[in-house]
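In: 3D model of this:
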Amino acid sequence: MLNDELRHLHGIGMAIELIRNKWTYAVLVALLDGPMSPTELLAHINRGNVRNADLLNEWVLHEKTLLETLRRLERDGLIVRQQLVEPQVKSAARALTPMSEELLEALHEPAAWATRHADLLLANLRDRRGVSSAGPAPARRLKFEGGKRTPKGCPVTAGHG
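Out: Okay, here's the model as predicted:
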């Protein structure tokens, strides 16, 4: 019995490892709408259709990060390339695999749990990130002062930052 429990716990750890990157879930959810090129995925995710990857809507997915995420998902067997039939399109579409569809199906129970506790989870997340309940915090932009990268509006003092 102990071996079965350990095997089960190991399986949970493996599943969490597969989806722990903040963009993995967003990409997989976007692909539920069908195969998409990287350009379509980028627009779809940044448009907010699968913004649940970040509850506070603070992040924007950039092309480089998307391409790294797609390569990792391909290596992990969660997506596959599908060559597009349009000759003017140089990029292949990505699609879910049966394994990723099964993974998304398995996430229904944790999603139901999170939905039941959404108010408390979101309040705690906002508190940890220092965001008021009125809305997401403004995105932090870095600026250069004296050769140092600092959050905009934060003074650079000698010997710090």
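In: Where do the strands of this protein begin and end?
Out: Using DSSP state E, the strands found in the chain span residues 79-82, 93-96, 142-145, 148-151.
In: Identify the residue nearest the geometric centre of the chain.
Out: Geometric centre of the chain, nearest residue: Trp23, 2.0 Å, by C-alpha atoms, centre = their mean.
In: distance of the closest residue to Arg72 other than its chain neighbours from Asp119?
Out: Distance criterion C-beta to C-beta, 6 or more residues apart in numbering; nearest residue to Arg72, sequence neighbours excluded, is Asn21 at 7.3 Å. All C-beta atoms are positioned from the backbone trio N, CA, C, and that covers glycine. The gap separating Asn21 from Asp119 is 26 Å, by C-beta to C-beta, to the nearest Å.
In: When those two are compared, which one has more neighbours?
Out: Asn21 (16 against 8; other C-beta atoms under 10 Å).
In: Tell me both backbone torsions, phi and psi, for that one.
Out: Backbone torsions for Asn21, taken as degrees, to the nearest 10, come to phi -70, psi 130.
In: now swap in Gln83 and tell me
Out: Backbone torsions for Gln83, taken as degrees, to the nearest 10, come to phi -70, psi 130.
In: check contacts around it.
Out: With contacts defined as C-beta atoms under 8 Å, 6 or more residues apart in numbering, the neighbours of Gln83 are 92-93.
In: switch the cut-off to 6 Å
Out: Shown in contact with Gln83 (C-beta atoms under 6 Å, 6 or more residues apart in numbering): Ala92.
In: hmm, back to that, now the residue nearest to the centre of the chain: how far from Leu73?
Out: 9 Å.
In: quick one: low-confidence parts of this protein?
Out: Applying pLDDT under 70 to the chain flags the ranges 1, 49-59, 86-90, 133-161.
In: What are the boundaries of the helices in it?
Out: In the chain, the segments counted as helices under DSSP state H are 2-19, 22-30, 38-46, 63-75, 98-106, 108-116, 118-129.
In: Of those, which stretch is the most buried?
Out: Looking across those with neighbours counted as mean count of other C-beta atoms under 10 Å, the highest average goes to helix 22-30: a mean of 21.
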